[in-house]
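[1] Sequence below, structure please.
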Amino acid sequence: MIVAVVTVTAAVVLSGCRREDASEAIRSAYEDGKQLRAEKRYEAAMQRLTEATHYPAGADDAEVLGRVYSNIAGICQSEGSFDLAYDMHVVSADWFRRAGCVTNYYYAINNMALQRTRQLYDSAEEDKASIEADICRLLRQIEESSRDSGVIVKVTETKALANYYAGRYDSALYYVNRCQAQGYNEPAGYMIKAQSFSEMGQSDSARYYGRLLTNMPLSSDDQNSICYIMLHNDSSGTVEDMRRLGKIRGEVLQERVEEQKSLSRAVELLEYDLANAPAIRDRRLQRMAGLSAGVLAVAVIAVVVLLRCRRRHTAQYRQVEDYCELLAAMPDRQLQSTMYWSDYGAFCGFVDSHFNMLAQKLEAHTPELKDREIQLCVLVLIGMNNGRIAKMMNYSESGIGKFKYLVAKKFGTSTKQLPDRLKELVCAG
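    Predicted coordinates for the structure are as follows:
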């Protein structure tokens, strides 16, 4: 027995060391990739960033991986692969959600909406309505849940950009002005103004904002756009001014050609990685293991035993717990709106879609449960205390205590064990 305990302990320690090595490797790859991206060495940046995704990730690595995928999405966006950038932001949002980084999670959702706005410019008229509906859905999700001023400003900027790409220049200017009224003075806002005024034929205003932008740090794409705006709106400029702008634009375009080659190779590298990720990950795990077959077998047995003993620490449990924490952090009114609290049918649809068919499982497992008891079960699962549940359900706090006792009794468990029993039900099947 003692030998078995020592062997299992050794295996767990070895596994922990391996986990620490993996965490360090993920962070190192992320930092390298971020630095290489800042240096515009996109192919090398992508190689290091995708490498970070090949290591076995733990809960402590979730935030770093969210940032990894956010940087990968940024490279895809610069290359013009907006669909791929959207997919990477989806993964980034999921990692931030698991890490409990609520603000970063909302930024990632905003970036998803931002990628959709890029598709408005080239999309067919019949597709624009569905794209705009998707953008509105994503932005509404943020506005209903976040009170972070920085996040709200970014949402307003995305609305401005969406209106610009949709050809609604007055609305675009309105949203930019709202951003700037909140102290947002980034180049992106002035760029939208310059381009909107140029499209509306207001040359003086376009030229004014174009000149403001020439003193700001801009990407090569933005520099090219400003030169274009100035060339087409500065009718009073001298020949020398036109030649100077033309020369700048030519240099910028040449730089952009070289940059585009590196970006294209980086995106090709990502696409190859996505196609071959399982094989790459398997080889990476084999190299990292560094353990004999016998020790690996013991480690696997130890992990299985530990997981069976403590099921709440499985990935599935963590995922449920993370989402519950996200909901619990919302103010009551927003939570009621998000969960469709006043419409029981819609509420059950929300619960089934986000908690693995929990409403149907509750009805099947304990048919005598009433509608209000199912709502109580969901609030208990989220982790609300009796005071918050009482406000949500318009009961007294003492009444909720009795209510929970009666529901727990129907499950054959105690009030204290009811949340774990509900999580088991979510994770089952």
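[2] Work out for me the element the closest residue to Ser198 other than its chain neighbours sits within.
    Nearest in space to Ser198, with sequence neighbours left out and distances taken as Cβ to Cβ, 6 or more residues apart in numbering, is Ala206 at 4.0 Å. Just so you know, the C-beta spots here come from the backbone N, C-alpha and C atoms, and that holds for glycine as well. Using DSSP states H and E, Ala206 falls within helix 203-213.
[3] likewise Asp32?
    If you go by DSSP H and E, Asp32 is part of helix 2-38.
[4] Which residues does the helix or strand following that helix contact?
    Remark: after helix 2-38, the chain's next helix or strand is helix 42-52, criterion DSSP H and E. Helix 42-52 is contacted from outside by 25-26, 29-30, 32-34, 36-37, 39, 64-65, 68, 71-72, 75, 78-79, 259, 262-263, 265-267, 269-270, 273, using Cβ atoms under 8 Å, 6 or more residues apart in numbering.
[5] what's near enough to touch the nearest residue to Gly401 once chain neighbours are set aside?
    Distance criterion Cβ to Cβ, 6+ apart; nearest residue to Gly401, sequence neighbours excluded, is Asn386 at 5.8 Å. By Cβ under 8 Å, 6+ apart, the contact list for Asn386 reads 397, 400-401, 404.
[6] likewise Ser81?
    Residues in contact with Ser81 (Cβ under 8 Å, 6+ apart) are Val267.
[7] Just the pLDDT for it.
    What the model reports as pLDDT for Ser81 is 81.
[8] ok, now the one 10 residues further on?
    We have a pLDDT of 89 for Val91.
[9] how much space between it and Gly66?
    Counting by Cβ to Cβ, to the nearest Å, the gap from Val91 to Gly66 is 8 Å.
[10] Look at those two and report which has more neighbours.
    Legend: neighbour count by other Cβ atoms under 10 Å for Val91 and Gly66, higher for Gly66 (24 against 18).
[11] Help me confirm that that one comes into contact with Cys101.
    Yes. With contact defined as Cβ atoms under 8 Å, Gly66 reaches Cys101; the gap is 6.6 Å.
[12] In PDB, could you pull the C-alpha coordinates for stretch 108-127?
    C-alpha atoms of stretch 108-127 as PDB (Å, rounded to 0.1, in the frame of the first residue of the first chain):
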ATOM      1  CA  ALA A 108     -12.700  39.400 -27.900                       C
ATOM      2  CA  ILE A 109     -16.500  39.400 -28.700                       C
ATOM      3  CA  ASN A 110     -16.100  43.000 -29.900                       C
ATOM      4  CA  ASN A 111     -13.300  41.900 -32.200                       C
ATOM      5  CA  MET A 112     -15.500  39.200 -33.600                       C
ATOM      6  CA  ALA A 113     -18.000  41.900 -34.500                       C
ATOM      7  CA  LEU A 114     -15.200  44.000 -35.900                       C
ATOM      8  CA  GLN A 115     -14.200  41.200 -38.300                       C
ATOM      9  CA  ARG A 116     -17.800  41.000 -39.500                       C
ATOM     10  CA  THR A 117     -17.800  44.700 -40.300                       C
ATOM     11  CA  ARG A 118     -14.900  44.200 -42.700                       C
ATOM     12  CA  GLN A 119     -17.200  41.900 -44.700                       C
ATOM     13  CA  LEU A 120     -19.800  44.500 -45.300                       C
ATOM     14  CA  TYR A 121     -17.700  46.500 -47.800                       C
ATOM     15  CA  ASP A 122     -17.300  43.600 -50.400                       C
ATOM     16  CA  SER A 123     -20.500  41.600 -49.600                       C
ATOM     17  CA  ALA A 124     -23.400  41.300 -51.900                       C
ATOM     18  CA  GLU A 125     -26.500  43.300 -51.000                       C
ATOM     19  CA  GLU A 126     -28.500  40.200 -50.100                       C
ATOM     20  CA  ASP A 127     -25.800  39.200 -47.600                       C
END
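[13] which other residues reach it?
    Here stretch 108-127 has contacts from 66, 70, 73, 77, 82-83, 85-86, 89-90, 92-93, 96, 128, 131-132, 134-135, 138-139, 141-142, 151, 154-155, 158, 161-162, 165-166, using Cβ under 8 Å, 6+ apart.
[14] Pull out the buried positions in it.
    In terms of neighbour count (16 or more other Cβ atoms under 10 Å), stretch 108-127 has its buried residues at 108-120, 123.
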